[in-house]
Each structure stands twice: as C-alpha cells, then as structure tokens.
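>>> I'd like to go over a predicted model; first the sequence, then the structure.
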Amino acid sequence: MTQQALIVIDIQNDYFKAGKYALHQTEVTLTQNLKAIELAKGKNIPIIHIQHLVSPEAGEGLFFYENSHGAEIHADILAAAPDAPIITKRHADCFEKTNLDEILQALNVNEIILTGMMTHNCITHTALSPAAARYQPKVIEECVCTTDRITHALALDAMQVRGIEMSTIEKAFA
C-alpha cells in the first residue's frame, strides 16, 4: 500500500514580491500549494514544511537569515497546515543534515510529493537526492516555481530525464 507525504519546500517570505529574492509567479504557486495542502489534508496524507535558514555569519547579500521575517514560512502556508512539522535545513537537498528521512520512516512513507520553491535548486536537489530514491519522489509541476520560466522548464526537464515523475495536483493524490 502506498503511503504518501506532501513535502512543502521553502515557501518563505523572501521569495515573494517584498522579499530579498523575489521569484517568478510566487502568488500563483502559493495558490496552487494551498490547493495541494487541502487535498492532502482531505486524504489524511502527512504534510511536512521545509524551511531554509542562513546564518547571519554567512555575510551580506543573502536571504533567509535566521530570525528574519524573510526566512519565515509564508503565513498562508502555515495556516493551511498548522500542525505539520517544520524541518529546517541549510542545504538545497532537504535530506542533507536534517531529520526528514527519520520522520518519513516513522510515518511509513514510501512516496513523497514535492512542492515549493525553487524548482532549479531545492526541488531538483531533493528530488534527485540519493536519500529520496527510496520514496519514489514526484513533483507537482504547477506547485513549483523559480526565477523565470526558462529556468523552471530546464529544471523540470532535468528531473524528468532522470526519472522523476511530473504530476498535477489531482493526479498526485489519486
């Protein structure tokens, strides 16, 4: 039997219009993620938030600094799944030096559905992570975004040619 988990990656304030590193189509991606979260909740699929943090000692010119408004997970995402665990990370791969694998094992998950930001970085690195291979990762295409349309398309293609399934919201939870 398939036990899924929805992994919502880095939907944080710095990626939105007033943030330090605004991405392309964040509002659309936010809306689509809220739909995915509601569908997952309706099917009792566990949801896990991922939050990227950067130490202030890393220097100027970055974003997601610890204890900053920009590093906070978007309020609408938190409100949609307020009881979901939050895993903090410092690398593009959500499995790298985190307890994500342990949480997924404890939930008996064997399939992860990835959504969030940035397609070409944290989504791709997580989907292609050696640690993710045991979970048959899928990406919901309309629930991810990055800096621009071309980079987004290239990242989706890079994952697909390496065997990562692209899905729609409805198909992912079917």
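Everything's here; your move. All values derive from a computational prediction rather than experimental measurement.
>>> quick one, helices of the protein?
For the chain, the helices defined by DSSP state H cover 26-42, 75-80, 100-106, 124-127, 149-161, 169-172.
>>> and the nearest residue to residue 72 once chain neighbours are set aside, how far is that from residue 82?
Nearest in space to residue 72, with sequence neighbours left out and distances taken as Cβ to Cβ, 6 or more residues apart in numbering, is residue 13 at 5.3 Å. Backbone N, C-alpha and C define where each C-beta goes, glycine included. The gap separating residue 13 from residue 82 is 17 Å, by Cβ to Cβ, to the nearest Å.
>>> Same question for residue 162.
Applying Cβ to Cβ to residue 162 and residue 82 gives a distance of 34 Å.
>>> Next: residue 30.
Residue 30 is 16 Å from residue 82, by Cβ to Cβ.
>>> ok, those two, which is more surrounded?
With neighbours defined as other Cβ atoms under 10 Å, residue 30 and residue 82 compare such that residue 30 has more, 19 against 8.
>>> wait, that one sits on residue 13?
No - Residue 30 is not in contact with residue 13 according to Cβ atoms under 8 Å; the separation is 11.1 Å.
>>> Overlap in contacts, these two.
residue 74 (Cβ atoms under 8 Å, 6 or more residues apart in numbering).
>>> thinking residue 136 is in contact with residue 110, fair?
Yes - using Cβ under 8 Å, residue 136 makes contact with residue 110 at a distance of 6.8 Å.
>>> about what we covered before: what's the closest of the helices of the chain to residue 59?
Residue 59 sits nearest to helix 124-127 of all the helices of the chain, at 22.0 Å, using Cβ to Cβ.
>>> Just the CA trace of that closest one, in PDB.
Taking C-alpha atoms only, helix 124-127 is exported to PDB below (Å, rounded to 0.1, in the frame of the first residue of the first chain):
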ATOM      1  CA  THR A 124      15.700  19.400  -8.000                       C
ATOM      2  CA  HIS A 125      18.300  18.700  -5.400                       C
ATOM      3  CA  THR A 126      15.700  17.000  -3.100                       C
ATOM      4  CA  ALA A 127      14.000  15.000  -5.900                       C
END
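>>> just checking, what packs against it?
The elements that helix 124-127 packs onto, with contact taken as 3 or more Cβ pairs under 8 Å, 6 or more residues apart in numbering; DSSP states H and E, are helix 149-161.
>>> other SSEs contacting the helix it packs on?
helix 124-127, strand 138-145, strand 165-167.
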